[in-house]
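K.L.:
just coords:
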């Protein structure tokens, strides 16, 4: 293991975000979708500064070994350089490609420039009637210390002059209360104006008793409340936990400011707002450009062609449970409608033979139909048990809200224990049939969330397989005791792969089998699709497989610490990355097994947190028809030469060569599933 090399986790993630940015530069992508990719890039980067940058900085401070500390310092510097280059590319894409393209169609996104006088008069009317009510100027010299700039909120520092005396005011930009963009159409041109500029152009009216001598935008990014047990182990987690405060009031990790601000004003802000520990970064005139996703422009030709979710055909009077008992069913979102999943819960809530329902929820939809069905089931006298993960980052408040509502409705709520997240996505229904109890399971690669199902590619298996569903019940019973797993042998899983019990070892065993087959001259191969791969034991096993001659094909969307194409280590490993209209989210594991393929899907990436600090579930696919569907989808994705790139040994995104026809996998999959 010590001779192996690995990509740095955070630099790998920045490579992925660079791939997102490249899609914004892709002239074949519709115009508004390119704007949305800029938005996704910006949102991703904000989260990086909230989650990863505090951890990187804290680790660099804590490291006692000087060489290790220097190494982390180099990574931080490399990350800063990559982000700077990407931000430069971001600005060029927006100002040199997308804004001019909009103007060719009489849509004028006003960007760092004035607008005609008649438009300014209309903006003045909007300012005095709509905007002023939300403005809350803070005079820094007079502030009592109560003012605290919130995470990623937009602000403007305004300098006022009166009798040669300068005063610094911080003014909020109320984008959480008003639309970020205001639109006015006049003379056949649609003007789209930032809320920031509407305020900027009317500052003299707002501060009529003073002379406004300057105005510069800024924002502060603060660390998230890291679930440090998810990121690090042992004493390091304890040390970092002591340094990081609550999320919205946490330490500032980035102070992003508009160019041109006078140095003494910049220093005043840093001192007054206690930003000495933050990274001070010169940005652009506008921040929070994730708001480009809601640009108020309506032109169907500038968006992806419609792909309505495909409906699964069922007999009008049939029961979904009867169909599942006949054979397994699978739903591939977002290509296929989520209605089948909603029906699973709705039927369970009203079916008089259903006695018990068990569900694990990680990220709950903001208006969850699934939760409403579970509450109805409890009110209908069924025993409903829901394990709600309150530590799902950035979804804690929403999950807690729904947990309380379910509890009030009579649902038995279980929370995971500290330091251990439950990330599995499974549900179990127990239905009485005479003297027998029938089991129906739902196992998914993604959250049981009808909102994200519209744009996350996932796979949801519905099965009545007796052994699988009984093992699901064992897991629910164990988690209901809220005990920490202490031994892989605590639960006798033969079919399910469950992190903390048998998952890592079973993956190792299957890789070892491929290695053995290759060494004996038998056919071998491994194909895996993941969101992230970081865990070094499993990566080391894939390196061993490569050295034994096993062809390893990986589709990895985001973090990838495995370094491909290194002679003597990983020359038989090929990595692809797909970025398109939908977020690739499914996890699939296919092992050749000398022609007797074993296929698993599930919730787990190959991350440290997944293997050591989470409950994850991966499940086998036994039904022949379902297996063939997954095989075909996986093969289509591997053939993608339109939206896929290869990851090389230098962590670069390299376009896949086109030999023959273009293959855009998400489009091909939709068309294939659409066929009668």
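P.N.:
Perfect, I can see it now. Bear in mind that the values here come from a model prediction, so they are computed numbers and not experimental data.
K.L.:
can I assume residue 276 is in contact with residue 270?
P.N.:
Yes. Between residue 276 and residue 270 a contact is recorded at 6.3 Å, counting by CB atoms under 8 Å. (Each C-beta comes from the backbone N, C-alpha and C, glycine too.)
K.L.:
So between the two, which is more surrounded?
P.N.:
Using other CB atoms under 10 Å, the more surrounded residue of residue 276 and residue 270 is residue 270, with 16 against 10.
K.L.:
and residue 143, what is it in contact with?
P.N.:
residue 272 (CB atoms under 8 Å, 6 or more residues apart in numbering).
K.L.:
ok, it to residue 269 distance?
P.N.:
As judged by CB to CB, to the nearest Å, residue 143 and residue 269 stand 12 Å apart.
K.L.:
Residue 206 too?
P.N.:
In this view, residue 206 and residue 269 are 20 Å apart by CB to CB.
K.L.:
Same check on residue 161?
P.N.:
Distance from residue 161 to residue 269, by CB to CB: 18 Å.
K.L.:
what do you get for residue 376?
P.N.:
53 Å.
K.L.:
try residue 351
P.N.:
61 Å.
K.L.:
so where's the longest strand in the protein?
P.N.:
strand 211-222 (DSSP state E).
K.L.:
Now do it: distance to the chain's middle.
P.N.:
In this view, strand 211-222 has its centroid 30 Å away from the chain centroid, taken as CA atoms, centre = their mean, to the nearest Å.
K.L.:
Against which helices or strands is it packed?
P.N.:
strand 154-162, helix 203-206, strand 252-257, helix 263-272 (3 or more CB pairs under 8 Å, 6 or more residues apart in numbering; DSSP states H and E).
K.L.:
Buried residues in the helix or strand just after the longest one, which are they?
P.N.:
Moving toward the C-terminus from helix 263-272, the next helix or strand (DSSP states H and E) is strand 279-282. Judged by neighbour count using 16 or more other CB atoms under 10 Å, the buried positions of strand 279-282 are residue 279.
K.L.:
Residues in contact with strand 279-282: which ones?
P.N.:
Residues contacting strand 279-282 (CB under 8 Å, 6+ apart): 53, 80, 253-257, 259, 266, 270.
K.L.:
at 10 Å what do you get?
P.N.:
49, 53, 57, 76, 80, 83-84, 87, 221, 252-261, 266-267, 269-270 (CB atoms under 10 Å, 6 or more residues apart in numbering).
K.L.:
Make a PyMOL selection of the buried ones in these.
P.N.:
The following PyMOL line selects those of the contacts of strand 279-282 that are buried, judged by 16+ other CB under 10 Å:
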select buried, resi 49+53+57+76+83+87+221+252+253+254+255+256+257+258+261+266+269+270
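K.L.:
mind checking how far the nearest residue to residue 22 once chain neighbours are set aside is from residue 307?
P.N.:
Counting by CB to CB, 6 or more residues apart in numbering, residue 22 lies nearest to residue 653, which is 6.7 Å off, once chain neighbours are set aside. Distance, residue 653 to residue 307, using CB to CB: 25 Å.
K.L.:
count of neighbours near residue 451?
P.N.:
16.
K.L.:
same question, residue 217
P.N.:
The burial count for residue 217: 25, using other CB under 10 Å.
K.L.:
just residue 18 next, same as before
P.N.:
Neighbours of residue 18 (other CB under 10 Å): 18.
K.L.:
can you check residue 438 too?
P.N.:
That count, for residue 438 with other CB under 10 Å as the rule, works out to 18.
K.L.:
Let the chain start at 50 from now.
P.N.:
Right, with 50 as the first residue, what we last looked at is residue 487.
K.L.:
What strands line up against the host helix or strand of it, and which way round?
P.N.:
Using DSSP H and E, residue 487 sits in strand 485-493. Applying DSSP bridges, strand 485-493 is found paired with strand 475-482 (antiparallel), strand 505-512 (antiparallel).
K.L.:
so of those, which one's packed in deepest?
P.N.:
Comparing the strands paired with strand 485-493 by mean neighbour count (mean count of other CB atoms under 10 Å), strand 505-512 ranks first with a mean of 24.
K.L.:
And the helix or strand just after it, what's buried?
P.N.:
Following strand 505-512 in sequence order, the next helix or strand is helix 515-529 (DSSP H and E). For helix 515-529, the neighbour count (16+ other CB under 10 Å) marks 517-518, 520-522, 524-525, 527-528 as buried.
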